[in-house]
Structure formats: structure tokens, C-alpha cells
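>>> Model the structure of this input:
(one chain, ligands or ions: 1)
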Amino acid sequence: MSFKRRIIDELETVGGRHDEPEIYSGAPGDPGLAGGPDSMSWEINGDLASLVVGGSSAIIMEVLHPSVMAGVFEQSSYRTEPIQRAQNTLGYVLRTTFGTTAAATRVIERVKKVHSHINGTRPDGVPYRALDPELIAWVHTCIPWAVMNAFDRYGRPLTTAEKDRYLTEQAVIGRMGGAEWVPETTAELDDYVARMKPKLSLNEQTRSFIDFLAGDTGGPDAASTRKQVEGRLGLRGSMSLMPDWARHLTSTYHPALAQRLYFDQANRLQAGVVRWAYPELPCKRLALERCAPGTRVAAAATPEAVAS
Ligand code: HEM
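Numbers count the residues shown, from 1 in each chain. Next up is the predicted model:
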């Protein structure tokens, strides 16, 4: 098996394939919820490399809200079904961006139904419910924020206007998911993050969750020491997309020199390898086909075509 095929297989094992015709095809000309072929969302979320590099930091930022952390810690199967969870989360981002309007709406409604059962009490006694618009807004925001930063740094530099367009497009999805308000511009994002900062913290649940992400499950199924070191370096690299205070809070801070000499290189290499192996997501190819029948698809490279 070629090296490229192995990377494609690894990406698809962890993230899923996302090529279901019933989600991405049909409904000719339907641009879906995020703006269609000329949108920033299709450019940025169509870059699997940015989703991979930014993914960990989005998840870590989400769970810095102790209510989100409690919901995930107590009621998610992330420990027993981590791959399923990763595939469903990536699937949500891709379906809501590239799926037909009907398919995107369906997944949003299905996930809302799942969330309607996620209620409880935090270890510090505060009650939470996943459908609390404040929590939905925070989790929603962390995803485009991290992916946009990854694209901007390791894809192509974005202008402020392009970032604003992306956030505005993605905000539609956040509001449909149950948020009352989400930031739609970089200025609003900065203000919002500053307002949310006092509500964010790290507790035992967060520590254990971040350890788990790094492969330290605390049990016999823990990854090897080498894999855990690689895992921690990966989390650090991804968190370098986030503000310094969040990196200090999560013990993922490193000085600028280490960023230049190692982490930027590692992130860039990871992004480069993903783009080389997976130049176009199957769901984006199908969505382009849906919007422009018979033309752009012929030119689009599939991972299989490139690997062979
Ligand atoms: C816009 C914000 C959010 C998005 C996009 C999102 C996304 C998702 C997705 C895609 C699933 C998988 C559903 C499935 O199994 O197919 C899910 C499940 C879940 N979400 Fe969320 N979520 C959000 C907010 C939240 C919040 C605020 C909490 C906690 C307070 C939360 C806790 C959970 C839990 C516990 C599950 C069940 C996971 C499992 O079955 O293991 N989510 N969410």
C-alpha cells in the first residue's frame, strides 16, 4: 500500500469519509446553509488540513466552559467511542456546510434532539443544560474560530473582510443549533471572547479530558509514552492558534521561539501532508457537482485518483 493511501485510510478511519449522496447530492443548484460554492465557508471548511490542525484547539476551548465540560464528561461516550464522536463532530461541520439545505437542517434538528436530553449539575453545584443558548453559542463559536485561524496561518492569509464573511455564514448554523446570538465579525468575536473569558476555567474534569485527548486514559488502554508525548505536542501545536491566556490555562503555552522553530513547522507539515493526501473532500466534490452539474467535478481531484 502506498504511503499516500495509508494516510488517506488513517484520515478516513478517524474522521470518516463523508460522501453520502443523500446528504451532499440531489437538489440541483441548492447552495445549502453556508453560502454555496463561492462562500468562504466552502473554501475554509473544504480544507481538511485546517479542520485537522484546528480541531483539537476547538474542542479544548469548548470544554473550558465548565458547564460544557460537565455535559461532555458525564454524558458523552467519548471514552468508549472516541472515533464515533470524532466522526459525528466532523460530520456535523461538513453536513451543515456542504449538505443540501434539507440534509443540513435534518442533522441540526437531530443533534438538537440529542442535546435536549443533556442536562445535569456541575461538580460545583451549578445546573446546566446543553440547549442553554449561551452554551450552544460558545461551542458553536469555538469551531469556526479555530478552523479559521488554522486556515489563515497554514492555508492562505485571510483579510478581515473574508474572516467576517466566514463568521457571518457560519453564524446561520449556530443560530439554527439553538444559539440566540453568535459573533459574526472578528471584532464581535474578540469582544465576545473577552466577555466569556471570566466564565472559563480548568477543573479536574477538564484535566482528565485533555489527558484523554493526549492518549493518557489513566487506564490499561493508555497510549504508549511516545504516543502520549506526540499527542501532547499535537495539542500544544493546535492550541497555538488560541490566545496566550487559554494556552497558559491549559498548560499548552510555549515561547515564541519554540513556536517558530518547532510548532509552526510541525503544524505546517501536518497541513501539507493532509492537503497532499486529501486535496478535496468527497462531500465538497459532491456539493460542487450539485451546484454546477457536469463542469467542475470533472476537474476535481479525488483522493483515490491522486493516490493511484
Ligand atoms: C453548537 C454547539 C454544539 C454542537 C455543534 C454540538 C455537536 C454535537 C454533535 C454533532 C453531537 C453528536 C450527535 C450524534 O451522536 O450524532 C453531539 C452530541 C453531544 N453533545 Fe453536543 N454540540 C454542541 C453543544 C453542546 C453543549 C453545549 C453540550 C454540553 C453542555 C454538548 C454535549 C453533548 C453531549 C453530551 C453529546 C452526546 C455525545 C455522545 O453521545 O457521546 N453539546 N453534539
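>>> can you pull the buried residues of the helix or strand encompassing residue 105?
Under the assignment given by DSSP states H and E, the secondary-structure element containing residue 105 is helix 101-115. Residues of helix 101-115 classed as buried under the neighbour-count rule (16 or more other C-beta atoms under 10 Å) are 103, 104, 105, 107, 108, 111, 115. Placement of C-beta: from N, CA and C, glycine included.
>>> Residue of the stretch 1-150 of the chain nearest the ligand, please.
Among the residues of the stretch 1-150 of the chain, residue 71 lies closest to the ligand, at 2.8 Å counting by C-beta to the nearest ligand atom.
>>> now swap in the stretch 151-300 of the chain and tell me
Residue nearest to the ligand within the stretch 151-300 of the chain: residue 177 (4.1 Å; C-beta to the nearest ligand atom).
>>> Distance-wise, check that residue relative to residue 33.
Plainly put, residue 177 is 11 Å away from residue 33 if you go by C-beta to C-beta, to the nearest Å.
>>> what does residue 26 give?
Separation of residue 26 from residue 33 (C-beta to C-beta) stands at 15 Å.
>>> With residue 213 instead?
29 Å.
>>> Just the CA coordinates for stretch 110-120, please, in CSV.
Output of stretch 110-120 as CSV, limited to C-alpha atoms (Å, rounded to 0.1, in the frame of the first residue of the first chain):
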residue,chain,number,x,y,z
ARG,A,110,-31.3,15.6,15.2
VAL,A,111,-28.4,17.0,17.2
LYS,A,112,-30.8,19.4,19.0
LYS,A,113,-32.9,16.4,20.0
VAL,A,114,-29.8,14.7,21.4
HIS,A,115,-28.9,17.9,23.3
SER,A,116,-32.4,18.2,24.7
HIS,A,117,-31.6,15.2,26.9
ILE,A,118,-28.2,16.5,28.1
ASN,A,119,-28.9,18.2,31.5
GLY,A,120,-27.3,17.9,34.9
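>>> Number the residues from 120 up from this point.
Okay, residue one is now 120; in that scheme the one you just asked about reads as stretch 229-239.
>>> Run through who's touching it.
189-190, 193-194, 211, 246-250, 255, 296-297 (C-beta atoms under 8 Å, 6 or more residues apart in numbering).
>>> Inside strands: which ones of the residues you listed?
246, 247, 248 (DSSP state E).
>>> one step back: could I get the buried residues of helix 220-234 as CSV with pLDDT and distance to residue 139?
Conversion of the buried residues of helix 220-234 to CSV gives the following (pLDDT from 0 to 100; distance: C-beta to C-beta, whole Å):
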residue, pLDDT, distance to residue 139
222, 98, 8
223, 98, 13
224, 98, 15
226, 98, 11
227, 98, 16
230, 98, 16
234, 97, 22
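>>> mind listing what's buried in stretch 196-215?
If you call a residue buried by 16+ other C-beta under 10 Å, then stretch 196-215 has these buried ones: 197, 204, 205, 206, 208, 209, 210, 211, 212, 213, 214, 215.
>>> Which among the contacts of stretch 229-239 count as buried?
In terms of neighbour count (16+ other C-beta under 10 Å), the buried residues within the contacts of stretch 229-239 are 189, 190, 211, 247, 249, 250, 255, 296, 297.
>>> roughly how far apart are the fifth one and residue 277?
Relative to residue 277, residue 249 is positioned 31 Å away (C-beta to C-beta).
>>> One more: residue 362?
In terms of C-beta to C-beta, residue 362 sits 18 Å off from residue 277.
>>> And these two? Which one has more around it.
Between residue 362 and residue 277, counted using other C-beta atoms under 10 Å, residue 277 has the larger neighbour count: 20 against 14.
>>> And for that one, nearest residue in space, chain neighbours not counted?
Leaving aside its chain neighbours, residue 277 sits nearest to residue 271 (4.6 Å; criterion: C-beta to C-beta, 6 or more residues apart in numbering).
>>> these two touch, right, the one you found and residue 278?
No. If you go by C-beta atoms under 8 Å, residue 271 and residue 278 don't touch, sitting 9.7 Å apart.
>>> So these two - more neighbours on which side?
With neighbours defined as other C-beta under 10 Å, residue 271 and residue 278 compare such that residue 271 has more, 19 against 9.
>>> Which of the helices or strands spans the more buried one?
Counting by DSSP H and E, residue 271 is part of helix 252-273.
>>> Under a three-state scheme, what state does residue 275 occupy?
Recorded secondary structure, residue 275: coil (DSSP: H, G, I helix; E, B strand; the rest coil).
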